[in-house]
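Peer 1: dropping a prediction and its sequence here:
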Amino acid sequence: MQQTDAFTDRAHAGRQLARQLRQYAGPDTLVLALPRGGVPVAFPVAQALHAELDLMLVRKLGLPGQEEFAMGAIASGGVRVLQPGVPGLMGVTQEEVDEVTRREEQELARRERRYRGGRPPPRLRGRTVILVDDGIATGATMQAAVEVARHQAPERLVVAAPVGAPDTVASLEEQVDEVVCLATPPRFRAVGQWYRKFDQTSDEEVQDLLAQAWAGTPGQ
């Protein structure tokens, strides 16, 4: 995949991704988006599959001073996944890891309240669950999402993303039933590199897409 072949935006990437997930179409499939960027990708996937759309709330733990680098991730239910060598990696201490974790836990709780309100969590047990993000770099956030999902005993667990780092995708393939990734470019540096438009997804956009997906469904 060359940069000139980049996805137009997240919605375009989601439509492309949906074509590779057609075998999972049906009402018993659950598409779980990783907010915020995964939601506009997952929305057309869920539409195309006639599947339920919901959220898998996960937060990256950014390395102090280099926040774009993920030293780990947290997810709902107290799950924390750290990269190998953390603490210690690039001099980060246990205290710094714990401080970043506390800060991100607060943001996770804020998003839970804002996005879900009083809506009950979705049922994963016995279903095909597709975890969707706009791309996979270090894989820390997706690994946290996989751990949370696996504890709820889905029948089949699938990871789906438009683009991902080759080594990370290969690692995830050992953890789930299937990984569907449209492109694993060898010169992968960042997810945004493979989109022509990669603006930050707002809370309002997330809420709007969820409102559309949840309109007329139980638990709204």
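Peer 2: It's in.

Peer 1: centroid residue for this structure?
Peer 2: The centre of the chain sits closest to residue 34, judged by Cα atoms, centre = their mean, with a distance of 3.1 Å.

Peer 1: contacts only, for it.
Peer 2: Taking Cβ atoms under 8 Å, 6 or more residues apart in numbering, we find residue 34 in contact with 55-58, 131-133, 141-142, 145. All C-beta atoms are positioned from the backbone trio N, CA, C, and that covers glycine.

Peer 1: how about residue 206?
Peer 2: So residue 206 contacts 35-36, 39, 115 (Cβ under 8 Å, 6+ apart).

Peer 1: looking at those residues, which is nearest residue 24?
Peer 2: residue 39 (18.5 Å; Cβ to Cβ).

Peer 1: would you confirm that the closest one contacts residue 33?
Peer 2: Yes. Residue 39 lies in contact with residue 33 (Cβ atoms under 8 Å); the separation is 4.4 Å.

Peer 1: looking at those two, which is more packed in?
Peer 2: Applying other Cβ atoms under 10 Å to residue 39 and residue 33 shows that residue 33 carries more neighbours, namely 30 against 26.

Peer 1: low-confidence ranges, the protein, go.
Peer 2: 1-5, 216-220 (pLDDT under 70).

Peer 1: contact partners of the longest helix anywhere in it?
Peer 2: Across the chain, the longest stretch assigned as helix under DSSP state H is helix 94-111. Under the contact criterion Cβ under 8 Å, 6+ apart, helix 94-111 has outside partners 35, 57-62, 64, 71-72, 74-76, 80, 82, 86-87, 203.
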